[in-house]
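Asker: predicted model and sequence follow; I will ask about them next.
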Amino acid sequence: MKTLRINTLATALTLVVVMTTMARAEPMRSSFECLPANTVMAVRVPSMDETGELFRTNTNFGRVMFSQDRWDALIEFIQHEEPDDWAEFEEALGKVGLEFEDFHSLLAGEVGYGLTGELGEDKQSALICGFLWTTPGAEKAEKFVAAMMQALEDNADDSDMPTRTDLEIAGHDVIHLATDDEPIDIFLVTMGDRLVMMHTVNLTDDEDDARDVWAGTDRSAATLARFIVAHEDGPEGESFASRILATPGMAAAMPEGHTVLEFYADVRPVMQMLNNGLAQDEDSYDYEEQLQMLQVFKALGLDNMGTIGLKITLDGQITRSGFFIEAPAPRQGLMKLMDQPVVQPGVPAWVPADVVDYGHMSFDAGEAWQLARQMIIDIGGEQAQNFLDQMVEMNVMAFAQSDLTTILTAMGNRVHVLTYPPTADPTGIGEIRPDQQNRMAVIWKLSDETVWQQVMLGATGAAMMSNGMVVPAEEQGFTGLRIGPMVEMDGALMLGKGYLVLGFGENVTTPVLSALTNPPADEGALVNSEAYQQFNTLFDAKPGVTYQYTDTRRYMGMLYDVFKMGFDQGVAGVPDSERESIDRLRELMPTRKELMDSFGPAGGHSYVNEHGMVAESIMYMPNDQ
């Protein structure tokens, strides 16, 4: 019985110790969660080490690009090529107590940055604060601070070096760095596993009062104190993170999976600062400049816009991205352009199989011009209106026998963009023409072809005076203009069968016209390709305003060929004595096969709802293990 009581007591004490240790080991709040409500933007990478490991485990890409062997080979290459510089670099690190391997810890865990802004009580100054944080661990954080202070001490004779002041803020030792001639302060503090740097800038129209306005560093120190306390007790009131993530429509737009990177911004604090500044008399801080800026923002409809979010995740073998712009209906200014007619997703049957990237969007150019015109008039007044009427509209009418709004409206509201692979020989080292590398076509489905027939007549007349640089053309029932044979470039603007086609690149225009006239079948059509069929099983595309599909495997092969051609040209004249270095550099690069095998199909869409605009996309990343 006594043994039972001893064992029970030992077990209880063990549990207390374990629970206490677990409580102490509980990770500190993310600094992202501690940013104040007046934050304008923030970006965060939660864990680079974990992200790299997931890519290596789940994807060919990770094993190719993030392998330790490749990293070691890169460092060895640098050491071999620049041994003296490397030795000098390591010596400099050693003087401040650092080793090269220490830098990995700076990026191993969470890294982030946030920017805040607020007006002073006098409404004539603004304090901008930036928070940069990283989580190298407590020991490494102290080590980096010590290294920075050692470097500062070693350069104490330099008049440009800031002055150090040791402070205690919210129970933490803080290093304050400042110069006498600039209203800029830097604060360094370590908190548990993280190193935080806050930099502040005092904006004022009186440079002599740049520091006095804030009574030295008091306001900056108070801002830092709230940030420190938030890590321990939680933010005071509403935080930037809680407000952003509670935005209607934001959560639904963000993808699932392990977070690789996230970025958020909010236009409203900027608008509030402008409005608060303008609420004072005309002698307040930069009144005229702020008034003009506010007018531009309102004309753009930005006063109706709120938060912006971007998140990239890794979900197994799929990278996902979600982008959201808060612009609640009814939208104003140029934000009205979000409300485009909804079009169905998918690649049309007429798109040829050799296209590596296809996209379409719904866009009413006529409405866009009307909104832009009104915005210009609102800002520029009568003078701007006279310029538009006399210099723009009158010239367009004389050229095309129609006004600009009618011409743009006749383009319809659906635009297709096709990208083709380059035609230049990947093994050649001769001069590469731009139209051999960049081959693409833009196709509009016209709502009124007769209007554009008049435009093309005017353009044909102008081409007659180009001395053969642009010539009239007729092909497959289309008429238009081509770049003349005297110019070493291939391109055309063709009209017919309800389409307007702008082709650029060697042998682009003719295949596009042929596809529109006689759509390809079977394997000749992109919709029947294996990669596109795979994409459709991975991504549930919705009707919306944009749609895109990319055969990323082929696209990366295309980029590799272009890069290789450029690289080969660049090293063609390298003397034999440097060939060894060139060969070592080649070995560091992934092969064409490695690169292509690291990527699968990708694509996405965007649509508009009552909360704003959502853009979603995926990229499949194969895993052969």
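Answerer: The structure has been received and is ready for your questions. Numbers count the residues shown, from 1 in each chain.
Asker: CA only for contacts and neighbour counts going forward, please
Answerer: OK.
Asker: nearest spatial neighbour of Leu334, chain-adjacent residues omitted?
Answerer: If the residues on either side of it in the chain are set aside, Leu334 comes closest to Leu300, at 4.9 Å by CA to CA, 6 or more residues apart in numbering.
Asker: count of neighbours near that neighbour?
Answerer: 19 (other CA atoms under 10 Å).
Asker: same check on Arg592?
Answerer: 15.
Asker: Phe599 belongs to a helix?
Answerer: No - Phe599: not assigned to a helix; according to DSSP: H, G, I helix; E, B strand; the rest coil it is coil.
Asker: Gly498 contacts Val451, correct?
Answerer: No - Gly498 is beyond contact range of Val451, at 11.3 Å (criterion: CA atoms under 8 Å).
Asker: who has more neighbours out of these two?
Answerer: Val451 (19 against 16).
Asker: name the SS class of the more buried one, please.
Answerer: Going by three-state DSSP: Val451 is helix.
Asker: just the pLDDT for it.
Answerer: Predicted confidence (pLDDT) for Val451: 95.
Asker: ok, now Arg219?
Answerer: 79.
Asker: give the next helix or strand downstream of the one helix or strand it maps to.
Answerer: If you go by DSSP states H and E, Arg219 is part of helix 218-233. Remark: after helix 218-233, the chain's next helix or strand is helix 240-245, criterion DSSP H and E.
Asker: could I have the next helix or strand after that next one exported to CSV, CA atoms only?
Answerer: Next along the chain after helix 240-245, taking DSSP H and E as the criterion, comes helix 250-253. Output of helix 250-253 as CSV, limited to C-alpha atoms (Å, rounded to 0.1, in the frame of the first residue of the first chain):
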residue,chain,number,x,y,z
MET,A,250,-12.0,36.5,-47.2
ALA,A,251,-12.0,33.1,-45.5
ALA,A,252,-13.9,31.4,-48.3
ALA,A,253,-11.4,32.7,-50.9
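Asker: pLDDT weak spots in the stretch 251-400 of the chain?
Answerer: For the stretch 251-400 of the chain, the stretches flagged by pLDDT under 70 are 273-290.
Asker: which residue ranges form the strands in it?
Answerer: 258-266, 307-315, 318-326, 357-362 (DSSP state E, counting those that start in this stretch).
Asker: closest one to Tyr620 among those strands?
Answerer: strand 318-326 (4.6 Å; CA to CA).
Asker: between that closest one and strand 258-266, how many degrees?
Answerer: 10 degrees (axes from the mean of the first three to the mean of the last three CA atoms, to 10 degrees).
Asker: what comes up buried for stretch 433-447?
Answerer: 434-437, 439-447 (16 or more other CA atoms under 10 Å).
Asker: what do you get for stretch 182-192?
Answerer: Those buried within stretch 182-192 under the rule 16+ other CA under 10 Å are 183-191.
Asker: show me what contacts the nearest residue to Asn304 once chain neighbours are set aside?
Answerer: Counting by CA to CA, 6+ apart, Asn304 lies nearest to Ala327, which is 6.0 Å off, once chain neighbours are set aside. Counting by CA atoms under 8 Å, 6 or more residues apart in numbering, Ala327 touches 304-306, 335, 611-613.
Asker: from Asp339, how far off is Ala327?
Answerer: Per CA to CA, to the nearest Å, Ala327 is found 11 Å from Asp339.
Asker: then Val296?
Answerer: 21 Å.
Asker: tell me which of those two has more neighbours.
Answerer: Asp339 (20 against 17).
Asker: I'd assumed Glu610 was in contact with the more buried one.
Answerer: No - look at Asp339 against Glu610 with CA under 8 Å: they stay out of range, at 10.1 Å.
Asker: okay, now Ala463: neighbour count?
Answerer: 18.
Asker: rewinding a little: would you mark the buried spots in the helix holding Arg219?
Answerer: Applying 16+ other CA under 10 Å to helix 218-233 flags 220-221, 223-231 as buried.
Asker: which residues touch it?
Answerer: By CA under 8 Å, 6+ apart, helix 218-233 touches 28-31, 34-36, 129, 169-170, 198, 200, 235-236.
Asker: considering these, which possesses the most neighbours?
Answerer: Leu35 leads the contacts of helix 218-233 on contacts (other CA under 10 Å) with 29 neighbours.
Asker: kindly provide the distance from that one to Thr116.
Answerer: For Leu35 relative to Thr116 (CA to CA), the value is 8 Å.
Asker: so where is this protein shaky, pLDDT-wise?
Answerer: Looking at the chain by pLDDT under 70, you get 1-27, 119-125, 181, 183, 203-217, 273-290, 424-432.
Asker: report the beta-bridge partners for the spatially most central residue of it.
Answerer: For the chain, the residue nearest the mean C-alpha position is Leu310 (8.6 Å; CA atoms, centre = their mean). According to DSSP bridges, the partner residues bridging Leu310 are Phe263, Phe323.
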